[in-house]
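>>> sequence? don't have it. structure:
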């Protein structure tokens, strides 16, 4: 479950970044983070700390709860897709 959460968070960050037309470098500059770290977050290979979530939220101009809400929505969608695939496999 935690792997799904980390991947969903990364996907949410990437979608918000792309919606703004930003490169990873631009997001990193806005959030005062390293570009390669942003890439690791987006790929679900790094777990963002609360401080990092706050920096990303501020860069996007949204509340941390809003950013995490995007993550929850993606996690829920992934869970539903997994359920559908499991039903098909039976």
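Received the coordinates, thanks. Predicted model, so just to flag it, every value in this text is computed and none were measured.
>>> in what helix or strand does the closest residue to residue 72 other than its chain neighbours lie?
Using C-beta to C-beta, 6 or more residues apart in numbering and skipping the chain neighbours, the partner closest in space to residue 72 is residue 8 (7.7 Å). Quick note: C-beta positions are derived from backbone N, CA and C, even for glycine. Using DSSP states H and E, residue 8 sits within helix 2-19.
>>> stretch 20-37: which residues count as buried?
22, 24, 27-28, 30-31, 33, 37 (16 or more other C-beta atoms under 10 Å).
>>> from memory residue 39 sits against residue 27, does it?
No: if you go by C-beta atoms under 8 Å, residue 39 and residue 27 don't touch, sitting 9.8 Å apart.
>>> now do the strands in the protein.
Assigned strands in the chain: none (criterion: DSSP state E).
>>> quick one: low-confidence parts of it?
Within the chain, the segments meeting pLDDT under 70 span 1, 75-90.
>>> where do the helices of it begin and end?
2-19, 24-31, 35-42, 50-60, 64-89 (DSSP state H).
>>> which helices and strands sit right next to the third one?
Think helix 35-42. Contacts defined by 3 or more C-beta pairs under 8 Å, 6 or more residues apart in numbering; DSSP states H and E place helix 35-42 against helix 2-19, helix 24-31, helix 50-60.
>>> ok, residue 42 - contacts?
Contact partners of residue 42, counting by C-beta atoms under 8 Å, 6 or more residues apart in numbering, are 10-11, 13-14, 17, 24.
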